[in-house]
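Colleague: Have a look; sequence and predicted model below, questions after that.
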Amino acid sequence: MPAPAKPKPVRMIVGLGNPGAEYAETRHNAGFACVDALAARLGVSYWKNQAGSEVARVRMRGVDGPCEVLLAKPQAFMNVSGGPVAKLAAAERVKPAEILVVHDELDLEPGAVRAKFGGGLNAHNGLRSLSDKLKTRDFGRVRCGIGRPPGRMDVATYVLKQMKGSELESFRLMAEDAADLCERAVAEGLGRLL
């Protein structure tokens, strides 16, 4: 049996979400919100369409000094986002263990942000698609807590519902916290955050 993979220095940060303005302020777009927050901090003014993703190249403080990192937002819907990510990774020769995926997480309280490497997919369609197309679950993750839906609301309605007011403000703060964690993962190495 092969030894379990370990995280490698982060070369690509992928935010999961759904393309289109109608999804922009929904819980399911936590990954896009985080990558957008990172891009704003790093002065990104131009996104290029590459392999089905919006991509920006940025310089970040890495484990061994300055390094180039790709920020990516797949432009396919969440449940098929693995295709564009796998194509981009292949084109850029990035291994799965060098990818950090930012996604919404029902099993964390709203606003909580945690790092993880490998493990289960928690019935998350975006993670399932990534795992299927990358042929492994061994990639880094930044999990953005959104909590469970209230009452009897179904999960799909909850994650795709537009947020407003204080709920939206809290979501934006969480995206900034997730961006902080991404910066630490690049600078210190994901392994040190687990």
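Modeller: Here it is on my side, so go on. Everything numeric here is computed off the predicted structure, so don't read it as measured data.
Colleague: Compute the first-to-last residue distance for stretch 99-114.
Modeller: The stretch stretch 99-114 measures 16 Å between its terminal residues, going by C-alpha to C-alpha, to the nearest Å.
Colleague: Report the rounded mean pLDDT for it.
Modeller: Average pLDDT, stretch 99-114: 96.
Colleague: Equivalent analysis for stretch 164-176, please.
Modeller: Here stretch 164-176 scores 96 as its mean pLDDT.
Colleague: Dump it to PDB, keeping only the CA atoms.
Modeller: Coordinates of each C-alpha in stretch 164-176 appear next as PDB, following Å, rounded to 0.1, in the frame of the first residue of the first chain:
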ATOM      1  CA  LYS A 164     -28.000  40.200   2.900                       C
ATOM      2  CA  GLY A 165     -27.200  42.500   5.700                       C
ATOM      3  CA  SER A 166     -25.300  41.200   8.700                       C
ATOM      4  CA  GLU A 167     -25.300  37.700   7.300                       C
ATOM      5  CA  LEU A 168     -23.500  38.900   4.100                       C
ATOM      6  CA  GLU A 169     -21.100  41.100   6.200                       C
ATOM      7  CA  SER A 170     -20.100  38.000   8.300                       C
ATOM      8  CA  PHE A 171     -19.600  36.000   5.200                       C
ATOM      9  CA  ARG A 172     -17.200  38.600   3.800                       C
ATOM     10  CA  LEU A 173     -15.300  38.600   7.100                       C
ATOM     11  CA  MET A 174     -15.000  34.800   6.800                       C
ATOM     12  CA  ALA A 175     -13.600  35.200   3.300                       C
ATOM     13  CA  GLU A 176     -10.900  37.600   4.600                       C
END
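Colleague: In the longest helix seen in the chain, which residues are buried?
Modeller: Among the segments of the chain that qualify as a helix by DSSP state H, the longest is helix 165-188. Along helix 165-188, these residues count as buried under the neighbour rule (16 or more other C-beta atoms under 10 Å): 171, 174-186. For every residue, glycine as well, the C-beta is placed using N, CA and C.
Colleague: Relative to the whole chain's centre, how far out is it?
Modeller: Distance, stretch centre to chain centre, for helix 165-188: 11 Å (C-alpha atoms, centre = their mean, to the nearest Å).
Colleague: Can you give the contact residues for it?
Modeller: With contact meaning C-beta atoms under 8 Å, 6 or more residues apart in numbering, helix 165-188 is reached by 9-10, 13, 25, 27, 30, 33-34, 36-38, 41, 60-63, 67, 69, 100, 102, 110-113, 115, 140, 142, 144-145, 163, 193.
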